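J.: Quick one, what's the 3D model for this:
(chains A and B)
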2 protein chains.
Amino acid sequence: MMTEHLKLISSVRCFEGEQRRYEHLSETLNCTMQFSVYLPPQALKGESVATVLWLSGLTCTDENFSAKSGAQRVAAQLGLALLIPDTSPRGDQVADDDAYDFGKGAGFYVNATESPWVDHYQMYDYITKELIELAHVQLPLNGQLSISGHSMGGHGALIMALRESNRFASVSAFAPIAHPSGCPWGVKAFSGYLGDNRETWREYDAVELLRAGKKCPPLLVDQGSDDNFLAEQLNFTLLKEAVAEHGVLAELRLQKGYDHSYYFIASFIEAHLQFHSRYLKR
Amino acid sequence: MMTEHLKLISSVRCFEGEQRRYEHLSETLNCTMQFSVYLPPQALKGESVATVLWLSGLTCTDENFSAKSGAQRVAAQLGLALLIPDTSPRGDQVADDDAYDFGKGAGFYVNATESPWVDHYQMYDYITKELIELAHVQLPLNGQLSISGHSMGGHGALIMALRESNRFASVSAFAPIAHPSGCPWGVKAFSGYLGDNRETWREYDAVELLRAGKKCPPLLVDQGSDDNFLAEQLNFTLLKEAVAEHGVLAELRLQKGYDHSYYFIASFIEAHLQFHSRYLKR
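T.: Below is the predicted model of the structure:
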């Protein structure tokens, strides 16, 4: 299909692999999207490699994690590809909002049902259906897949892993919005994208999905103790309780002194990729 | 002195150390400056540590290297501080130019003699005299010092190491502007800051300083083979020849496929910091 054509925008050598950026016309989102991918040296030598899908947080594009996490060094060592989508639909025709936490850059990984968002904000399906398939058809990926993310992207990683537990070997998150139905960021976004019927919110809420007994792949979570958003937005304790009550194979760590920034992610990304590698290579 | 007061703007935990940003009123530059410093965990436990001074390239502030290089991971392992100045004087009262390669963000690490630049563009003295002293008085640094940088900052690192060879245990550079008197970036900047008398340019030109027989600390240079600026601006071959002719203890490496970006720096920063650590800890 024409719509599934990937256009290479840039390719830069990085740790003997390649940091690439692609553009494509997304059928699901009804707009042109960009995403980044890191291919480790093994993939450039003809090997098909396992993939860690990374979901970014509010205000990010696919470029923040690419530039700031230092993940490529570890991915090169472990022979993992990194697949890094944008955080919302893009383009002049896409509805937006002036706020940093709603509209562009803040898709919250849901399929919107409310006007005007319903026309483009279908990030859940875009990532779980279109992008993963597209990447596997056109790049040297072997089908093995884990998922990780930060903040809003940590929320995205958790809900995708809980709803598609057979697709992901493991899941991890940095400072995830664990219970969006119960925090200001989530209530604002879900009210706008999904409407006022809170029943529809449950399938996009990690704590609710755990409470409903959804299976979860092996889980690693890091949360900074000095994160400005910890008390009001992230619900780390509720996530810990829900994970414990439902017998998930999980480690949730409070990291003393760390904040919500990419300096926190950079400090622990190696541990996360090593965690995923153990499950991807079984 | 009041002017030597350091104001802490931010401090973020990173690899068990701290990534800090300071502001101070610079006597040398006659304006308020910001700089970044990474203190490794050893320094937070009361140890005084050796320092690698990092000079950034055109358009950068102190934040680019901090966010994108991944250097803190290695600095934490090796117990090194990273001292990261801005690339020019700053503020509304400072003369500027619309070009990306002249004026603010493009100080070229010289002491300007021409109007209007002479009033503030004294980056050579700011770094070699004021900033290094200030940092050593107010931070847990042990006096041992090496220097590195990228592009315009690689030029800065080379000329400072050649002119102050007793102060620096070692020097390294990524894609340095090795012979500014002989490339468009350098000729434009030196004409503007230093005037048309090319005799005055020699003391800010690494190839000329080597040819004049200046002593050089042990040197490591990495240069990407796919760097867009290699042919016109960087004079890697001239640097290699000058180093060989004057018996410098040096390794200059052409890295196949790498470009001029921070993905290149991130790929080799570990090797550079390990190189410096060997000389700093003798």
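J.: what sits against the residue most central in space within chain A?
T.: Nearest to the mean C-alpha position of chain A, counting by C-alpha atoms, centre = their mean, stands residue A:55 at 2.1 Å. By C-beta atoms under 8 Å, 6 or more residues apart in numbering or on different chains, the contact list for residue A:55 reads A:85, A:87, A:109, A:127, A:147-150, A:152-154, A:156-157, A:160. No exception for glycine: its C-beta is placed from N, CA and C like everyone else's.
J.: ranking the residues you listed by neighbours, who comes first?
T.: residue A:156 (34 neighbours; other C-beta atoms under 10 Å in any protein chain shown).
J.: secondary structure class for it?
T.: Counting by DSSP: H, G, I helix; E, B strand; the rest coil, the backbone at residue A:156 sits in helix.
J.: Next: residue A:9.
T.: strand.
J.: residues in contact with it?
T.: A:21-23, A:34.
J.: one more time with 6 Å
T.: Residue A:9 sits next to A:21, A:23 when contact means C-beta atoms under 6 Å, 6 or more residues apart in numbering or on different chains.
J.: Let's see the pLDDT reported for it.
T.: We note a pLDDT of 97 for residue A:9 in this prediction.
J.: Could you tell me how far it is located from residue A:19?
T.: Distance of residue A:9 to residue A:19, computed by C-beta to C-beta, to the nearest Å: 11 Å.
J.: Repeat that for residue A:81.
T.: 11 Å.
J.: How about residue A:57?
T.: Counting by C-beta to C-beta - residue A:57 and residue A:19 are separated by 20 Å.
J.: Neighbour count for the two, which is higher?
T.: Using other C-beta under 10 Å, the more surrounded residue of residue A:57 and residue A:19 is residue A:57, with 26 against 23.
J.: That one and residue A:153 touch, don't they?
T.: Yes: counting by C-beta atoms under 6 Å, residue A:57 does reach residue A:153; the two are 5.0 Å apart.
J.: Now residue A:100: closest residue in space, sequence neighbours ignored.
T.: Of all residues not flanking residue A:100 in the chain, residue A:59 sits nearest, at 5.3 Å (C-beta to C-beta, 6 or more residues apart in numbering or on different chains).
J.: Give the helix, strand or coil label for the one you found.
T.: Classification of residue A:59 by three-state DSSP places it in coil.
J.: State the number of residues packed around it.
T.: 14.
J.: quick one: it and residue A:105 touch, right?
T.: Yes: between residue A:59 and residue A:105 there is a contact at 4.8 Å, judged by C-beta under 6 Å.
J.: Let me see the ranges of the strands in the stretch 1-150 of chain A.
T.: Under the criterion DSSP state E, counting those that start in this stretch, strands of the stretch 1-150 of chain A are mapped to A:7-14, A:17-26, A:31-39, A:49-55, A:80-85, A:141-150.
J.: Against which helices or strands is the fifth one packed?
T.: In this case it means strand A:80-85. strand A:31-39, strand A:49-55 (3 or more C-beta pairs under 6 Å, 6 or more residues apart in numbering or on different chains; DSSP states H and E).
J.: now, of those, which is deepest in the fold?
T.: Across the helices and strands packed on strand A:80-85, averaging neighbours per residue (mean count of other C-beta atoms under 10 Å in any protein chain shown) puts strand A:49-55 on top, at a mean of 27.
J.: now that strand against strand A:17-26, angle please.
T.: Interaxial angle of strand A:49-55 relative to strand A:17-26 (axes from the mean of the first three to the mean of the last three C-alpha atoms, to 10 degrees): 60 degrees.
J.: Give the partner strands of strand A:49-55 in its sheet and their orientations.
T.: strand A:80-85 (parallel), strand A:141-150 (parallel) (DSSP bridges).
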